[in-house]
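Asker: Please find the sequence and the predicted model below.
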Amino acid sequence: MRFLLALVGIAALVVVALVSLGMLKIDTSAGSLPSINVAGGKAPEVDAKMATVEFGTANKSVEVPTVGTTTKTVSVPTVRINKPVDANSNTVTTQ
């Protein structure tokens, strides 16, 4: 590893010596970036159809524990989700 590093160092010194003595001339020219033309175009259109969520109550018969069990009608929460219309214009409703 040290030998390789020493060899690179010696090569760099030789290049510097040749350039300073005029025996090696390195010609460089300025580069340029390519030109890019952007014209026209249009942003994509997006149409998002979102589901709606409805909250409410419905009367259901449930067993309520007491000393004995009886069936009472109580108001329980409900959730209804209306999904967006699909591609065939059919609505999908889940309850």
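Answerer: Structure's in. What do you need?

Asker: What is the neighbour count of V79?
Answerer: 10 (other C-beta atoms under 10 Å). No exception for glycine: its C-beta is placed from N, CA and C like everyone else's.

Asker: Report the residue spans of this protein with pLDDT below the cut-off.
Answerer: Along the chain, the model assigns pLDDT under 70 to residues 68, 86-95.

Asker: how about the strands in it?
Answerer: Using DSSP state E, the strands found in the chain span residues 52-65, 69-82, 93-94.

Asker: can you redo the ones you listed as CSV with distance to A12?
Answerer: Below are the strands of the chain laid out as CSV (distance: least, C-beta to C-beta, whole Å):
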stretch, distance to A12
strand 52-65, 72
strand 69-82, 72
strand 93-94, 74
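
Asker: looking at these, which is closest to A43?
Answerer: A43 lies closest to strand 52-65 among these, at 27.5 Å (C-beta to C-beta).

Asker: Determine how far that closest one lies from the middle of the whole chain.
Answerer: Its chain's average C-alpha position is 39 Å from that of strand 52-65, according to C-alpha atoms, centre = their mean, to the nearest Å.

Asker: contacts for that strand?
Answerer: 69-82 (C-beta atoms under 8 Å, 6 or more residues apart in numbering).

Asker: swap the cut-off to 10 Å and go again
Answerer: Applying C-beta atoms under 10 Å, 6 or more residues apart in numbering, the contact partners of strand 52-65 are 69-84, 95.

Asker: buried stuff in it?
Answerer: Judged by neighbour count using 16 or more other C-beta atoms under 10 Å, strand 52-65 contains no buried positions.

Asker: Within its sheet, name the partner strands of it and how each one runs.
Answerer: strand 69-82 (antiparallel) (DSSP bridges).

Asker: and of the strands of the chain, who's closest to N37?
Answerer: Nearest of these to N37, taken as C-beta to C-beta: strand 52-65 at 46.2 Å.

Asker: So for D27, which of the strands of the chain sits nearest?
Answerer: D27 sits nearest to strand 52-65 of all the strands of the chain, at 71.6 Å, using C-beta to C-beta.
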